[in-house]
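J.: What follows is a predicted structure for the sequence shown.
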Amino acid sequence: MSIYTLLQINFSLCGDRARKSNVFLWFFETKSVITTQRRFRTTYKKDPPSDNSIRRWLTQFQETGSVLHRKGAGRPSTSQENVDRIQETFTRSPRKSTRQATVQLHMLHTTIWNVLHNRLHLNAYKDQIAQALHPNDKPRRFQFAEQIFTRI
């Protein structure tokens, strides 16, 4: 299998991936980083990748067979078991604060807060007592608005 076939398999030609694949094709044609950079500049009218970048891409391609960006380990997500524990805690006592849940569940406050907001879509709110509306309130408000309007 030729290098051109490998490159066509490893790249879906869109945006930056297309540019990167062309860098590889040009490098394997010319075996020169400088010529590759010149072709990049004339083709895309942009600054080319540095020679170190091109060499790093080549090394990565030889080691892994791909030059696509490898995702890092990242932060581990909260387990479904912990999400269930949080949900159960707030189902049993909905008035519990996130700080109290932190102590009870032995989890970080931010973890509990993020699970409540992002996964369970629960938001803290307080019931507020509003003034009761009576049947004659709407006509009185309208009358008040007319009086103020005539004074202006």
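T.: Looks like it came in fine.
J.: This structure: helices as residue ranges?
T.: 3-10, 16-30, 33-44, 51-64, 80-92, 98-105, 109-114, 137-151 (DSSP state H).
J.: and the fourth one, average pLDDT?
T.: The reference is to helix 51-64. Helix 51-64 carries an average pLDDT of 87.
J.: Please apply the same query to the last one.
T.: For helix 137-151, mean pLDDT is 93.
J.: With the third one instead?
T.: Taken as a whole, helix 33-44 has a mean pLDDT of 92.
J.: Can I get it as CSV, trimmed to CA atoms?
T.: The C-alpha coordinates for helix 33-44 follow below in CSV (Å, rounded to 0.1, in the frame of the first residue of the first chain):
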residue,chain,number,x,y,z
VAL,A,33,10.6,20.6,4.5
ILE,A,34,11.5,23.9,2.9
THR,A,35,9.8,23.0,-0.5
THR,A,36,6.8,21.8,1.4
GLN,A,37,6.6,25.1,3.3
ARG,A,38,6.9,27.1,0.1
ARG,A,39,4.1,25.0,-1.6
PHE,A,40,1.9,25.5,1.4
ARG,A,41,2.4,29.3,1.4
THR,A,42,1.7,29.6,-2.4
THR,A,43,-1.4,27.3,-2.2
TYR,A,44,-3.1,28.6,0.9
